[in-house]
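**Q** Here is my input; please provide its structure:
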Amino acid sequence: MIQRIQSLYLFLAGALMFAMFKMPLATFVNETGVWKFYADSIIETAGDSAATATIDTWPVAIIMSLAGVMSILAIFAYKNRRRQIKICLLSGMFMILLYPIAFIYWWFAKDLLATVGYPSLGAVLIFPIVAFILNLMAIRSIRADEKLVRSADRIR
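**A** Now for the predicted structure:
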């Protein structure tokens with residue numbers, strides 16, 4: 001049943017998680033320039049220095065990619081609906097876990113870079129919440145399919 005609506009929900013959730021890789025999560029401004037917080041690093045995008053300095057944020061990228069991969073993987077687990085629900089729940093856990101990990105990096109980068117004013121957060125931070133809601137909608141559809149299959153088995 002790969003053509004079901006939960007496949008669309010899961011694909012959109014995975015696409016949202018992978019789209020976050022190219023968009024900045026936050027922007028920091030200090031005396032040396034402008035720094036952008038991406039999934040895998042914090043990069044200086046404008047400033048006086050010729051060399052681009054970076055701060056690695058690989059745990060954020062790993063959790064983000066795990067959430068996206070699990071959502072896409074759940075699409076192909078359609079033969080075992082209970083396993084599909086478990087994969088969706090695990091993916092949702094990674095989506096929620098992304099916020100505290102990203103917040104820790106944001107907090108320490110804010111202090112490390114000695115930002116002027118308050119760092120601006122990117123609108124892309126709403127994507128994990130939307131993906132989590134899509135995961136919940138997929139779980140609801142998977143459970144409805146399971147209920148339909150069980151009722152059809154009782155009729156036979």
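**Q** hey, let's count contacts and neighbours off CA atoms from now on
**A** OK.
**Q** What are the buried residues along whichever strand or helix holds Val130?
**A** Following DSSP states H and E, one finds Val130 within helix 127-155. Using 16 or more other Cα atoms under 10 Å as the test for burial, helix 127-155 gives 127-132, 134-139, 141-143, 145.
**Q** which helices and strands does it pack with?
**A** Helix 127-155 sits against helix 5-19, helix 81-112, with contacts defined as 3 or more Cα pairs under 8 Å, 6 or more residues apart in numbering; DSSP states H and E.
**Q** Skip the chain neighbours and tell me the closest residue to Ile87.
**A** Ala74 (5.8 Å; Cα to Cα, 6 or more residues apart in numbering).
**Q** So that neighbour is in contact with Gly92, correct?
**A** No. Judged on Cα atoms under 8 Å, Ala74 makes no contact with Gly92 at a distance of 11.5 Å.
**Q** Give me the neighbour count for the residue nearest to Ile87.
**A** 26 (other Cα atoms under 10 Å).
**Q** give me the element it is part of.
**A** Assigned by DSSP H and E, Ala74 falls in helix 58-75.
**Q** Measure how far the longest strand that the chain contains is from the centre of its chain, please.
**A** Counting by DSSP state E, the longest strand found in the chain is strand 41-47. Distance, stretch centre to chain centre, for strand 41-47: 22 Å (Cα atoms, centre = their mean, to the nearest Å).
**Q** what residues does the helix or strand just after it touch?
**A** Counting by DSSP H and E, the next helix or strand C-terminal to strand 41-47 is strand 54-56. Strand 54-56 has contacts (Cα atoms under 8 Å, 6 or more residues apart in numbering) with Asp40, Ser41, Ile42, Ile43, Glu44.
**Q** what's the answer for stretch 133-142, then?
**A** 5-7, 9-10, 12-13, 71, 81, 84-85, 88-89, 91-92.
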